[in-house]
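Peer 1: below are the sequence and a predicted model for it; my questions follow.
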2 protein chains.
Amino acid sequence: MNLKELATKLGLSPTTVSRALNGYPEVNEATRERVMAAAKRHNYRPNTRAIRLATGRALAIGHVIPLATRHEIVNPIFADFIAGAGETYSRNGYDMILSVVPDDAEEQAYRDLKSRGTADGVILHAPRMNDPRIPLLHEIGIPFLVHGRATGTELPYPWVDVNNRRAFQRATEFLLDLGHTRIGLVNGLEFMDFAIRRRTGYVDALAARGISPDPRLMSSDEMTEVSGYRAASAMLDSASPTAFLVASMISGMGVRRAIEERGLKMGRDVSVIIHDDDLSYLKNGGDVPIFTATRSSVRDAGRIAAEMLLGIIANPGEAPDHRLLEAELIIGQSTGPAPRPDTTSGATPQTTPVKVQ
Amino acid sequence: MNLKELATKLGLSPTTVSRALNGYPEVNEATRERVMAAAKRHNYRPNTRAIRLATGRALAIGHVIPLATRHEIVNPIFADFIAGAGETYSRNGYDMILSVVPDDAEEQAYRDLKSRGTADGVILHAPRMNDPRIPLLHEIGIPFLVHGRATGTELPYPWVDVNNRRAFQRATEFLLDLGHTRIGLVNGLEFMDFAIRRRTGYVDALAARGISPDPRLMSSDEMTEVSGYRAASAMLDSASPTAFLVASMISGMGVRRAIEERGLKMGRDVSVIIHDDDLSYLKNGGDVPIFTATRSSVRDAGRIAAEMLLGIIANPGEAPDHRLLEAELIIGQSTGPAPRPDTTSGATPQTTPVKVQ
DNA sequence: AATCAAACCCAAACCGCTTTGGATGCGACA
DNA sequence: TGTCGCATCCAAAGCGGTTTGGGTTTGATT
């Protein structure tokens, strides 16, 4: 059933039927109701392909996913973000299109999205420092929104991000307040912007207490279970940390494995704080979370990002907006006071007491 | 730059330019080359919206994701499947569209995909027993392919699936051969088809050795870390298993936590075999896998599924094809001989020796 | 009674491509 | 020389909507 058939059946012109269905004012209310009823009765759905061509809009948002030969963006965080964003798109009549391409074809993928008219806007994932994709999207002239930020980028651009620096700063302070001074940082890859910011938060918090960071206590790698395990193992074997600050739930599991493998107990012998993206299938425990964590729902971030992008598309020409989400600090079972130093191994460095926030 | 402009610039009709670019025979080779060159030079990309309308094809495949209020399909397995499928789509000039909808809107989502002409076909995820979506898709009349199978469905339908029954049967036999007789099954939700098949494999293998399954050693829940932990804890505390068969890497981590929390060592005191979907960011260790596992790449499954579906769309009317993928049994560090039974606790049931496959 | 503005509705153009149904020109064949 | 077939190319008709630019009525205004 298409517009023309429906119009014929109603004894009206396609024009009127179209207007009636789309809520234009120049149609009699009685007529409109008649049209609406007929449309429902015949289960009429306008053909999206025709609407797209006629209006010149794609009614779709693109997400380009470089099929990383090296590093994976197709990760659990991405899945939850997508779920949040997709929900918003559906509610607004937009389609979500995912473009999975080899990473050397990413630029072309963006260009095609624009020149072939497949998407009205795109969301940029996993920005890096000085990310070249931001100037690229500007040049292409397609509305976009960044999930995260790109340190070093001059051009203004709209974004939504978690306050990663602050989250890790708070987490570090929390550990310091518990008496920990040898805190290992198991970070994500530090060409990723969020990882840089997290390290900054960690370093700043240490510096505020007069502690200079120990390079042996700082690692940076992909956020997998195995690399969490490796990093923590190396630190435990060489630099005697009493606490860890970990980039994700998954690497946190590796860290826990390293700890327990050494006969230590997490939360008693070694404290751990992770960043928790609040993934739906990787919940951090129930009433009492397993891990103490800085928590921020990436699914909510997806929802917000989608809403912002649709806003940009609806009102072009406005100044780039942005949104900084704060992470909660959730207290779980994985943190506790720093263990009493071994009396044979000298005194621990003293820290100024500061109230727990 | 559109077709008409390009044609004018070349002094040709749109018809000829279109044919030249699409490889039709009725155009002079010299002309074709001239057209191709000009198209490249002016960076001409045909407008997808127009192609779609003109050809009546959507050039897109839909994936409907019910935004589970209860159970999550937006899970890591899904993400990797999507990556595999998306790769194939891109290579073939298809778009992948994801429809994230509340789960009571799933049926309508499929209907709309068809009636609005948004997708040429769909992939059905996470089939359940007697899944109503299969008759639905038949009725709607949209080409589709099922990732998994639906026990109890009469209608023929194309699918790609892992041989879950066999995988779990082999894994169980492997444990039996190591002398384990009290094997806990930490299964996925058993209205999911794959979970049913896995249980069947487990039960069959036990039965073949004359062991009747102990209900206390069988659990079924979502495949999260926490539920793996809960299930394993309960079994360890009440039914003294010496081995576990676990539905996923993630729940396996919970099982491991339960084991280690009790001061037991995985691989020595308690053996564990998981099913490993070979997720890119959740690799099961390196040279020596952490977990002994039945492994089958869900990403490959995505690729295969996409190829099959595109084939169905290209050659409609053929009988439904299918593909059964066998899982490998990977030996890792998490399995070992059953511990000598406590001499005070009586004899263990004797099993017939059978060669390890 | 003539005028005019709403209120309603419609015919036709248009979006940018594909495809049908010819034209045209030219060498070959009878 | 007339006809035919083949190689090339083009005009125009879709595809299924939206939107522009009028037409008709109708009721109020002067």
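Peer 2: The structure has been received and is ready for your questions.
Peer 1: now do the contacts for the spatially most central residue of chain A.
Peer 2: A centroid search over chain A (Cα atoms, centre = their mean) returns A:V298, at 4.7 Å, as the residue closest to the centre. Counting by Cβ atoms under 8 Å, 6 or more residues apart in numbering or on different chains, A:V298 touches A:I77, A:D80, A:F81, A:G84, A:D277, A:D278, A:L279. Heads up, the C-betas are built off the backbone N, CA and C, glycines and all.
Peer 1: state the phi and psi torsions of it.
Peer 2: Here is the backbone geometry of A:V298 (degrees, to the nearest 10): phi -80, psi -20.
Peer 1: re earlier: how about the contacts of A:V298 in TSV, adding neighbour count, pLDDT and distance to DNA strand C?
Peer 2: Below are these laid out as TSV (neighbours: other Cβ atoms under 10 Å in any protein chain shown; pLDDT from 0 to 100; distance: Cβ to the nearest atom of the strand, whole Å):
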residue	neighbour count	pLDDT	distance to DNA strand C
A:I77	26	85	37
A:D80	27	89	36
A:F81	26	94	32
A:G84	23	94	33
A:D277	26	94	41
A:D278	20	91	43
A:L279	25	87	41
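Peer 1: low-confidence regions, chain A specifically.
Peer 2: Counting by pLDDT under 70, the ranges of chain A that qualify are A:69-74, A:286, A:341-357.
Peer 1: domain assignment for chain A?
Peer 2: Split into domains by automatic domain parsing, chain A comes to A:60-162+A:299-326, A:164-296+A:330-351.
Peer 1: who wins for proximity to chain B among those domains?
Peer 2: domain A:60-162+A:299-326 (3.0 Å; Cβ to the nearest Cβ).
Peer 1: can you tell if the closest one touches DNA strand D?
Peer 2: No: if you take Cβ under 7 Å from any atom of the strand as the test, domain A:60-162+A:299-326 misses DNA strand D, and the best it gets is 11.3 Å.
Peer 1: let me know whether A:M218 touches A:R182 as I believe.
Peer 2: No: at 11.7 Å, A:M218 and A:R182 do not qualify as touching, with contact defined as Cβ atoms under 8 Å.
Peer 1: flag every residue of the stretch 101-250 of chain A that's near chain B.
Peer 2: The stretch 101-250 of chain A comes close to chain B at residues A:101, A:109, A:112, A:115-118, A:222-226, A:250, as judged by Cβ under 8 Å from any Cβ of the partner chain.
Peer 1: from A:R299, how far off is A:G93?
Peer 2: As for A:G93, its distance to A:R299 is 21 Å (criterion: Cβ to Cβ, to the nearest Å).
Peer 1: same question, A:R209
Peer 2: Taking Cβ to Cβ, one finds A:R209 at 35 Å from A:R299.
Peer 1: the more surrounded of the two?
Peer 2: A:R299 (22 against 16; other Cβ atoms under 10 Å in any protein chain shown).
Peer 1: my read is that the more buried one contacts A:T88, right?
Peer 2: No: counting by Cβ under 8 Å, A:R299 does not reach A:T88; the two are 10.7 Å apart.
Peer 1: just among the residues of the stretch 101-250 of chain A next to chain B, which is most surrounded?
Peer 2: Neighbour max across those (other Cβ under 10 Å) = A:I250, 29 neighbours.
Peer 1: spatially nearest residue to it (excluding sequence neighbours)?
Peer 2: A:E225 (5.5 Å; Cβ to Cβ, 6 or more residues apart in numbering or on different chains).
Peer 1: repeat that for A:K9.
Peer 2: A:A38 (6.7 Å).
Peer 1: cool, and A:Q333?
Peer 2: A:Q333's closest residue in space is A:G267 (Cβ to Cβ, 6+ apart), at 5.0 Å.
Peer 1: how near is that neighbour to A:G332?
Peer 2: 8 Å.
Peer 1: now do A:D177
Peer 2: Following Cβ to Cβ, the distance that separates A:D177 from A:G332 is 16 Å.
Peer 1: ditto for A:G201
Peer 2: From A:G201 across to A:G332, the span is 19 Å (Cβ to Cβ).
Peer 1: these two - which one has more neighbours?
Peer 2: A count of neighbours by other Cβ under 10 Å puts A:G201 above the other of A:G201 and A:G332, at 24 against 19.
Peer 1: in which helix or strand would I find that one?
Peer 2: Per DSSP states H and E, A:G201 falls inside helix A:193-208.
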